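>>> here is the input, now give the coordinates:
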Amino acid sequence: MPDPRQPDNQPADLAREIAALRREVEALNAQRFFVLNGSARRMLLMQFLRGMTMGLGTVVGASVLVSVIAYSLSQIDFIPVIGDWAVEIAREIRHQAPGGDAPEGVGAPPLQE
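So this is what the prediction gives:
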């Protein structure tokens, strides 16, 4: 049984490994990503622009979503139970606000029921 610490064909095995490694590096360098982004400066610029557009898209999307939800919730007045509950909450807020005990017509407009 041969000793595993001393391989027989160490130079040949090493040459094969180096050749395989060279082929892999050439294949990686030929990839489209590395060909398009040849320089580090161009790659950094493209990634920066990508991040900016992603951030802008996130902000615009969140704004639209919040607007739609707020509009939908403003239409809840048509549901009697929730509408009455909202009027009661508004009355409590007005009562506890500074100057909330003012008579109707003074300060905030009266609540519509």
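
>>> which residue ranges of the protein form strands?
Using DSSP state E, no strands are found in the chain.

>>> which one's the longest helix in it?
helix 40-74 (DSSP state H).

>>> tell me what that helix is packed against?
The helices and strands touching helix 40-74, judged by 3 or more Cβ pairs under 8 Å, 6 or more residues apart in numbering; DSSP states H and E, number zero. Placement of C-beta: from N, CA and C, glycine included.

>>> so for it, mean pLDDT?
Helix 40-74 shows a mean pLDDT of 90.

>>> number of residues surrounding Ala30?
By other Cβ atoms under 10 Å, 9 other residues sit near Ala30.

>>> quick check: Pro98 vs Val64, distance?
Counting by Cβ to Cβ, to the nearest Å, the gap from Pro98 to Val64 is 36 Å.

>>> neighbour count winner among the two?
Val64 (10 against 7).

>>> pull the contacting residues for that one.
Going by Cβ atoms under 8 Å, 6 or more residues apart in numbering, Val64 touches no other residue.
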